[in-house]
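> I would like the atomic coordinates for the input below:
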Amino acid sequence: MVTVSARKTGRPKNELLTARRREEILHAAAHIFAERGYPNTDLQAVADTLQIGKGTIYRYFPSKRDLFLAAVYQGMHQLQELIDTTLSGIEDPFEKIVVGLRTYLAYFKPPNCSSRNGPLSGTAKNQRISNIATRWPTRGKSSSKT
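Here you go, the predicted model:
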């Protein structure tokens with residue numbers, strides 16, 4: 001009688017390659033979802049961007065929805081880490097709010113958007129923040145006139 005060993009076919013799984021490919025797919029998908037929106041994004045476009053087969057995407061993500069949610073989760077996680085890092089060492093609560101908001105807005109600024117051409121750029125943006133700061137109540141001081 002002939003015995004056959006139970007051997008997996010194909011090449012051995014490389015954890016680093018798997019993680020790298022997953023990150024590449026997430027990165028490309030996030031950009032395409034952001035550009036086209038969820039309903040107008042086809043996974044073939046993601047595959048074409050990466051020059052891989054569409055089936056490769058399905059190896060990592062069972063559905064378009066799963067890929068989208070993973071991309072959103074990754075983006076929110078990166079934003080949270082960025083804000084936490086940016087705010088570390090800042091003690092003043094008002095400064096934390098200002099720096100946190102700037103970091104948040106910079107994260108979502110479109111890559112092709114020049115800060116010089118925006119509605120609130122340079123001096124205008126700083127003036128707007130200063131206006132908000134002057135209206136912000138300070139601790140220990142009453143905002144009402146006596």
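
> which residues touch the residue nearest to Gly53 when sequence neighbours are not counted?
Counting by CB to CB, 6 or more residues apart in numbering, Gly53 lies nearest to Ala47, which is 6.1 Å off, once chain neighbours are set aside. Quick note: C-beta positions are derived from backbone N, CA and C, even for glycine. Counting by CB atoms under 8 Å, 6 or more residues apart in numbering, Ala47 touches Gly53, Lys54, Thr56, Ile57.

> and the first one, backbone torsions?
Going back to what we said before, that points to Gly53. phi -80, psi 150 (degrees, to the nearest 10).

> one more: the third one?
Per-residue torsions, Thr56: phi -60, psi -40 (degrees, to the nearest 10).

> burial measure for it, as a count.
13 (other CB atoms under 10 Å).

> excluding covalently adjacent residues, which one is nearest to it?
That would be Ala47: by CB to CB, 6+ apart, it lies 6.9 Å from Thr56.

> okay, and the one you found sits in which element?
helix 43-50 (DSSP states H and E).

> average pLDDT for that helix, rounded please.
Helix 43-50 carries an average pLDDT of 96.

> quick one, strands of the chain?
Taking DSSP state E, the chain contains no strands at all.

> for it, which helix is longest?
Longest helix of the chain, by residue count under DSSP state H: helix 64-87.
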